[in-house]
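**Q** Structure for this input, please:
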Amino acid sequence: MGVDPGAHRGAADGQFADARQGRFDALDARLLLALDEDPFATVVALAQRLGVARNTVQTRLRRLGAAPGWLEAPRA
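**A** Prediction:
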């Protein structure tokens, strides 16, 4: 997975395509690490922890969720 500094573009500019192609930026990586440490963290808690807006976290989670295999919870 490469890091694409331009991966934070809007959906109309290919934002969802970037995630599907495995290109994540530093904020995506920090978000995934935060979720790894606390998988049940709320969007608000993640935003506060990362120092970004709640809408930013929601958009990133939606984009990451569009990528196959990402953010899928294990089934018991």
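**Q** Any idea how far apart the tips of stretch 44-64 sit?
**A** With Cα to Cα, to the nearest Å applied, stretch 44-64 spans 17 Å between its terminal residues.
**Q** And that stretch, what's buried?
**A** Of all the residues in stretch 44-64, those buried under the rule 16 or more other Cβ atoms under 10 Å are 46-47, 50, 52, 56-57, 59-61, 63-64. Bear in mind the C-beta positions are built from the backbone N, C-alpha and C, glycine included.
**Q** and which of these is nearest Phe40?
**A** Distance to Phe40 across the buried residues of stretch 44-64 (Cβ to Cβ) is lowest for Leu46, with 10.7 Å.
**Q** about what we covered before: so which of the buried residues of stretch 44-64 sit within helices?
**A** 46-47, 50, 56-57, 59-61, 63-64 (DSSP state H).
**Q** Mind putting the residues you listed into a markdown table with pLDDT and distance to Leu27?
**A** A markdown table is the format used below for those (pLDDT from 0 to 100; distance: Cβ to Cβ, whole Å):
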| residue | pLDDT | distance to Leu27 |
| --- | --- | --- |
| Leu46 | 96 | 11 |
| Ala47 | 97 | 11 |
| Leu50 | 97 | 7 |
| Thr56 | 96 | 8 |
| Val57 | 96 | 9 |
| Thr59 | 94 | 10 |
| Arg60 | 93 | 7 |
| Leu61 | 92 | 12 |
| Arg63 | 88 | 11 |
| Leu64 | 85 | 11 |
